[in-house]
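A.B. asks: Test case, fold it:
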Amino acid sequence: MILSSITIAVAVTSLAIFLSISFETSTYESAAQTLENTTSNAFLALENSISSVETSMNLLANQIGYNVDFANTITTASTDAESYKTLIDSLQGKDKSGDGSTIIGAMDYLIVSDPDIETATMYSQYVEEDILGRLKPVAHSKITFTTERFEELKKHPGKSIWYFTEDTSGEHLYVWKALVNYGVRDNYDMEVVGYIEYEFNRSSFLTCITDTKYSNEGMALFDDKGNNVINLISGDKEVDEAFLTDYKSFDYGIIKKSNYTATKNDISSKQWTYFTYINHKVLAEMRLKNAITTIIIIAVTVIAASLVSFLLSAGEIKRIKETSKAALAISEGDYSVRVTSKGNDELTDQTNAINLMASNIENLISKLKDLNKALVLQSDSLTENFATVVSNKSGESGYHVRRVATYSEILARTLGFSEDKVHTIKVAATLHDVGKIMIADSVLHKPGRFTDEERLIMQHHVDYGAQILADVPGEIMETGAKIALYHHERWDGKGYVYHLKGDEIPIEAQITSVADVFDALISRRCYKEPWDISQAYDEIVNNSGTQFSPRVVDAFIKSYEEIKGVALMYLQKEKEEENKH
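C.D. replies: Residues are numbered from 1 along each chain as shown. Take a look at the predicted model:
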């Protein structure tokens, strides 16, 4: 009798779901929406990768273009021996160290921080031989660099050109950006003196797209010239040919055709178009799988309800309740739930099916989280490494940006911000002095007091930093731009350069201001010796309500022991490194 009731319940439930599917007017839209949502993660990852590359190229191009020695000698190095020697010194440093403040050091940091970049090379029309393997004549480029591309870079020096080889099975792709002499000899003279070339492993760079696909999904990426840079992979010749005929007329969003459904996205930072499409036969299979899963969940619930009426033993009733509770939890998104499986009956089979389904979903979610975490760590590492390059250029320890970031993280957490916001402030704080890359070395490294003119030049590093970061998409870069622009404002309105007062100053800049000043006080500079940590603490506390936000200073006082521990740890590291040298 029990078995008959169960059979009837399952049959009724299955019939109801089958009828609802059969009479549903929109057969494919739901599955197509699932397709769009799934591929959006890969699409976002590609945008983030492109954004990171564009940011690193801008920073590197600016560091090279504003290098005084490089700018003064690049056009004459091939014909003048003294210019040639000065140019080499600008590349590797006068002491041949090749550290982060030199052009070679900056390029080495870049390659180490981004494993997808295989080579970073400079080319110039003004050099006739390969210099140190880093600066080469234009004719030596691995890929034919046409006059047309060079003229495009000259007209739009802020633009980068991405080049995919015509052979879509090729292993590499290239990115070029104009190398501009920003005219340190004449502030109004800007000249394109060559270009920077990044070489990427093609498959590694595009993994974020190619690794996230359905078994029979079609996919295509077209560059700004309309070239197909990723092959179609559907495997269904009829569907692929139909897509290639239709894709140019597609609007954004979901496009339903007679035998396939597609999605279209444009990558915001490039004129590239990314398509995914799927055969309707596969969509039907997806919907069938979804229907079967739904049947299982509802059937388990109906079975549990039916069994309550017939099974009288406490043990069986408990099993039924656990099964029903688990089915409900899974339907609400808790995929960690598991049902204890006992015996060898129909109910055991159903609980095993629920456990397996929940486990598979949980594993998929875990893999997606790992992918996202890896992308975030890669982006954070790239940001910190470039901030370190800037810090080295200005004569500060590479640990300065790490300490300021960690102090800012501690203060933000003490102030009660969410962990996502704390992370954003921490990474963005590393970029607070990125504008110093555009300040001449003669000003940055001056050991004595600045003249009024030099002080004004130095103060403008906040504007330069905001300009560098302003056009880079993403919350971290937007926050970094605010911090770069406002971290020298004062609570009493006497800071620079906009004289903001109180909470007119963004809270992120208020936090970084305290962190930056505290670290500057306890650090050695070319113009001063380091303060004792207790003296630096008193200075921060005594300037609450004048230079600093009282709210942030209160957080500083509460978290001082933790901040002090971080400071001492990094100072010890610096001392150990000095002893090694």
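
A.B. asks: quick one, helices of the stretch 151-300 of the chain?
C.D. replies: Along the stretch 151-300 of the chain, the stretches classed as helices by DSSP state H, counting those that start in this stretch are 202-205, 207-210, 237-246, 280-310.

A.B. asks: hey, least reliable of those helices by pLDDT?
C.D. replies: Per-segment mean pLDDT for these reaches its minimum on helix 280-310, at a mean of 61.

A.B. asks: Tell me, how many residues neighbour the closest residue in space to Ile161 that isn't next to it in sequence?
C.D. replies: Closest residue in space to Ile161, ignoring its immediate chain neighbours: Trp176 at 4.7 Å, by C-beta to C-beta, 6 or more residues apart in numbering. Every C-beta, even on glycine, is put in place using the N, C-alpha and C of the backbone. Look at Trp176: counted by other C-beta atoms under 10 Å, it has 23 neighbours.

A.B. asks: OK, contacts around Trp176?
C.D. replies: Contacts for Trp176 (C-beta atoms under 8 Å, 6 or more residues apart in numbering) come out as 145, 149, 153, 160-161, 163, 195-198.

A.B. asks: most surrounded residue in those residues?
C.D. replies: The most crowded member of the contacts of Trp176, judged by other C-beta under 10 Å, is Tyr195 (26 neighbours).

A.B. asks: picking up where we left off before, quick check: bridge partners of the residue nearest to Ile161?
C.D. replies: Trp176 has these beta-bridge partners by DSSP bridges: Ile161, Glu197.

A.B. asks: That one and Ala120, how far apart?
C.D. replies: For Trp176, the distance to Ala120 equals 11 Å [C-beta to C-beta, to the nearest Å].

A.B. asks: okay, and the common contacts of those two?
C.D. replies: If you check Trp176 and Ala120 against C-beta under 8 Å, 6+ apart, the residues they both contact are 196-198.

A.B. asks: can you put these in a markdown table and add pLDDT and distance to Gly416?
C.D. replies: Compiled in a markdown table, the shared contacts of Trp176 and Ala120 are given as follows (pLDDT from 0 to 100; distance: C-beta to C-beta, whole Å):
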| residue | pLDDT | distance to Gly416 |
| --- | --- | --- |
| Ile196 | 89 | 43 |
| Glu197 | 88 | 47 |
| Tyr198 | 85 | 41 |
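
A.B. asks: Do you have the strands of this protein handy? List them.
C.D. replies: For the chain, applying DSSP state E gives strands covering 117-124, 135-137, 160-164, 172-181, 191-201, 217-222, 228-230, 253-256, 260-267, 272-279.

A.B. asks: domains of this structure?
C.D. replies: For the chain, the structural domains run 2-25+289-367, 29-39+207-283, 66-205, 394-580, going by automatic domain parsing.

A.B. asks: how many neighbours does the nearest residue to Ser544 once chain neighbours are set aside have?
C.D. replies: Of all residues not flanking Ser544 in the chain, Val553 sits nearest, at 3.9 Å (C-beta to C-beta, 6+ apart). By the criterion of other C-beta under 10 Å, Val553 has 21 neighbours.

A.B. asks: residues contacting Val553?
C.D. replies: Val553 makes contacts with 514, 540-541, 543-545, as judged by C-beta under 8 Å, 6+ apart.

A.B. asks: Show me the one in the residues you listed that has more neighbours than the rest.
C.D. replies: Tallying neighbours with other C-beta under 10 Å puts Val514 at the head of the contacts of Val553, with 25 neighbours.

A.B. asks: That one and Ile410 touch, don't they?
C.D. replies: No. Counting by C-beta atoms under 8 Å, Val514 does not reach Ile410; the two are 10.6 Å apart.

A.B. asks: thinking again about what came up before, to Thr406, which of the strands of the chain lies closest?
C.D. replies: Thr406 lies closest to strand 117-124 among those, at 27.1 Å (C-beta to C-beta).

A.B. asks: which other residues reach that closest one?
C.D. replies: Outside of strand 117-124, the residues within contact range by C-beta under 8 Å, 6+ apart are 53, 60, 64, 74, 103, 107, 110-111, 134-138, 140-141, 145, 172, 179, 193-201.

A.B. asks: re earlier: want to throw the shared contacts of Trp176 and Ala120 into a markdown table with distance to Lys558?
C.D. replies: Output for these, formatted as a markdown table (distance: C-beta to C-beta, whole Å):
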| residue | distance to Lys558 |
| --- | --- |
| Ile196 | 46 |
| Glu197 | 50 |
| Tyr198 | 45 |
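
A.B. asks: Okay, now the unreliable bits of the stretch 51-200 of the chain?
C.D. replies: The stretch 51-200 of the chain contains residues with pLDDT under 70 at 97-100, 140-144, 165-171, 182-190.

A.B. asks: per-residue confidence for Asn48?
C.D. replies: Here the pLDDT value assigned to Asn48 is 75.

A.B. asks: number of nearby residues for it?
C.D. replies: Residues within reach of Asn48, counting by other C-beta under 10 Å, total 18.
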